[in-house]
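S.K.: Build me a model from this:
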Amino acid sequence: MTDTAVVLLGIMTVALVIMAVVQIGLIVVALRVARQVTTTAETFRRELRPLIDKIGVVTDDAARVTALALTQMERVNHALASTSQRVDATVSMIEGLVARPVRRSAAVVAAFKAALGVVRQVQTRRRIRREAEDDALFVG
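M.R.: Coordinates of the predicted model:
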């Protein structure tokens, strides 16, 4: 081997050692970063767990409130429907109680008017006959 070959072989060896040291350094740094990422993820997970639990509780409460509101709305709807039916029945009953007597009263009033009309016609005819008789008796 020549001196140049030995020098080049030495340079390659030094370069190889430097590359190995750099790679080992990168591996150490990568391990530290991985440990920090793991620690940060654990901390993040620990801090978010109560928040996630609270969100779950809030969601459950919201579902419960929604179910209660739906139940109340159904009760109100049923009550309104029932009240509406009762009001309709009451109005029909009152209408029946009031309308029949009013119709009967209207019939009585119509009969009374008709009777008055007949009496007036009879009186008018009598008056006309008297006037006619009076005119017949008048000699002028």
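
S.K.: Where do the helices of this structure begin and end?
M.R.: 3-137 (DSSP state H).

S.K.: Low-confidence stretches in it?
M.R.: Along the chain, the model assigns pLDDT under 70 to residues 1, 134-140.

S.K.: If we use 50, what do you get?
M.R.: Applying pLDDT under 50 to the chain picks out no residues at all.

S.K.: What distance do you get for Arg100 to Ala106?
M.R.: Between Arg100 and Ala106 the computed distance is 11 Å (C-beta to C-beta, to the nearest Å). Where you see a C-beta, it was placed from the backbone N, CA and C, and this is true even at glycine.

S.K.: With Met12 instead?
M.R.: In terms of C-beta to C-beta, Met12 sits 129 Å off from Ala106.

S.K.: Ok, Ala69 next?
M.R.: Using C-beta to C-beta, one gets 52 Å for the distance from Ala69 to Ala106.

S.K.: What is the burial count for Arg127?
M.R.: Counted with other C-beta atoms under 10 Å, residues neighbouring Arg127 total 10.

S.K.: what's the spacing between Ile18 and Leu70?
M.R.: Counting by C-beta to C-beta, the gap from Ile18 to Leu70 is 74 Å.

S.K.: Could you do Thr59 as well?
M.R.: Taking C-beta to C-beta as the measure, Thr59 falls 16 Å from Leu70.

S.K.: try Ser84
M.R.: In this view, Ser84 and Leu70 are 21 Å apart by C-beta to C-beta.
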